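Student: whatever this is, show me its structure:
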Amino acid sequence: MGAIELKAVEKWYGELQVIKGIDLDIKDGEFIIFVGPSGCGKSTLLRMIGGLEETSRGAIVLDGTDVTDQPPSKRGLSMVFQSYALYPHMSVRDNMGFSLKTAGAPKSEIKEKVEEAARVLKLEPLLDRRPKDMSGGQRQRVAIGRSIVRAPTAFLFDEPLSNLDAALRVDMRLEIAKLHRSLETTMIYVTHDQVEAMTLADRIVVLDAGQIAQVGTPRELYNSPANLFVAQFIGSPKMNVMGCSFSGSDYQLEGARGGKYTGSGQPAHVGIRPEHITFCDVGSGQCDGEVEVVEYLGADCFVFVNCGPLGVLNVRVGGGETYEVGQKVGLSFQSEHVHFFSSDGAAV
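Tutor: So this is what the prediction gives:
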């Protein structure tokens, strides 16, 4: 079992509060990802769960047991860090089995668990190599394997792929996804990478200045952000946001036209994602502008359109479409995908 409950947890460094009363229920076997900008408290919160940081206030409950004051060794959790932290003089086999050896486990048990973890992570051909003879991705798999042999209640990952190049990150992301399906163990994962969060998580916890901005599935956060912060943090490229005024059943964009508003509340901002804007004839959409930059990425193309008072809007189109810098265009917003936010940033 690996259910984890955070009850109004806080972290203070003297007069500085970095974690501000977080409540969170993590189900057994769930893959949870903490995301947020640098300094938002995501790694600190993970280390509090693992017992590496003291919890100033509140409680951390693991499978119904309050472990707030227990040391890391008593929590049954396993942590994988950004640094591989492998012993350079030991083989892969010895690195993976070291924690069991120091705990006094029988040699037969160590051999069995190391070989099973190696099979899961496809490390069998590397068991007799030393870390210096392996790639970064292989070393990270060894670090994960070292955690697996302990059969922890839950895995805690602190930006484990940030030291790898882009191609290796893709490979390791797939490995971690398959590992979670295979082990069915609770995993809590800290990252600043949008793609990792969207592709791996059952639920994403978006943190902002030590508080939870929103919790939900990747699809929920992308399609129904609770506020402007989440709307612009989740999604790459980020959502286009413009100021607007409101009159009756219509919204008006600054220096442009606008459209219908059927919600309740008083919107002050309009948001639209790049893929939900289409090009149209000048004068027929929500606004007009001039193509400023075109980024061709193969399957996709991002067209940056200067819309005067509205600023530069990003439009996502297929890679087969061509637009020229300086071209005058109209932009039409897909009405079912327009988001509205109040003056304090909350979704309306």
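Student: for the one helix or strand Tyr189 maps to, name the packing helices and strands.
Tutor: Under the criterion of DSSP states H and E, Tyr189 resides in strand 186-190. Judged by 3 or more Cβ pairs under 8 Å, 6 or more residues apart in numbering; DSSP states H and E, the packing partners of strand 186-190 are strand 31-35, helix 42-50, strand 154-158, helix 166-183. Using the backbone N, CA and C atoms, a C-beta is placed for each residue, glycine as well.
Student: buried sites along the third one?
Tutor: What it means is strand 154-158. 154-158 (16 or more other Cβ atoms under 10 Å).
Student: lowest-pLDDT helix or strand in the chain?
Tutor: strand 259-260 (a mean of 82; mean pLDDT, DSSP states H and E).
Student: elements contacting the following helix or strand past that one?
Tutor: For strand 259-260, the following helix or strand on the C-terminal side (DSSP H and E) is strand 269-272. Other helices and strands packing on strand 269-272, by 3+ Cβ pairs under 8 Å, 6+ apart, are helix 228-233, strand 240-247, strand 339-341.
Student: mind listing the strands strand 269-272 pairs with, and their directions?
Tutor: strand 240-247 (antiparallel), strand 339-341 (antiparallel) (DSSP bridges).
Student: how far does that strand sit from the chain's center?
Tutor: Relative to the centre of its chain, strand 269-272 is centred 23 Å away, using Cα atoms, centre = their mean, to the nearest Å.
Student: check stretch 186-197 too.
Tutor: Distance, stretch centre to chain centre, for stretch 186-197: 4 Å (Cα atoms, centre = their mean).
Student: please save the CA atoms from that stretch in CSV.
Tutor: Output in CSV follows, covering the C-alpha atoms of stretch 186-197 (Å, rounded to 0.1, in the frame of the first residue of the first chain):
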residue,chain,number,x,y,z
THR,A,186,2.8,5.0,-5.9
MET,A,187,5.2,7.5,-7.6
ILE,A,188,5.6,11.2,-6.8
TYR,A,189,7.7,13.0,-9.4
VAL,A,190,9.1,16.5,-9.5
THR,A,191,9.8,18.2,-12.8
HIS,A,192,9.8,21.5,-14.6
ASP,A,193,9.4,19.8,-17.9
GLN,A,194,5.9,20.2,-19.5
VAL,A,195,6.1,17.1,-21.6
GLU,A,196,7.1,14.9,-18.7
ALA,A,197,4.2,16.2,-16.6
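Student: for that stretch, buried residues please.
Tutor: Buried positions in stretch 186-197, judged by neighbour count with 16+ other Cβ under 10 Å: 186-194, 196-197.
Student: what's the closest of those residues to Met242?
Tutor: Of all these, Gln194 has the smallest distance to Met242: 22.1 Å, by Cβ to Cβ.
Student: separation between the closest one and Leu297?
Tutor: 15 Å (Cβ to Cβ, to the nearest Å).
Student: follow-up on the earlier one: and Lys7, which of the helices and strands packed on strand 186-190 is closest to it?
Tutor: Judging these by Cβ to Cβ, what sits closest to Lys7 is helix 42-50, at 12.1 Å.
Student: average pLDDT for that closest one?
Tutor: Helix 42-50 carries an average pLDDT of 95.
Student: from the contact counts, what lies against it?
Tutor: Looks like helix 42-50 contacts strand 4-13, strand 16-26, strand 31-35, strand 77-80, strand 154-158, strand 186-190 (3+ Cβ pairs under 8 Å, 6+ apart).
Student: so which of these comes closest to Tyr261?
Tutor: Among the helices and strands packed on helix 42-50, strand 31-35 sits nearest to Tyr261 (Cβ to Cβ), with 30.4 Å.
Student: tell me, how many neighbours does Ile26 end up with?
Tutor: 22 (other Cβ atoms under 10 Å).
Student: over to Pro160?
Tutor: 25.
Student: now Arg181
Tutor: 9.
Student: give me the distance between it and Met187.
Tutor: 11 Å.
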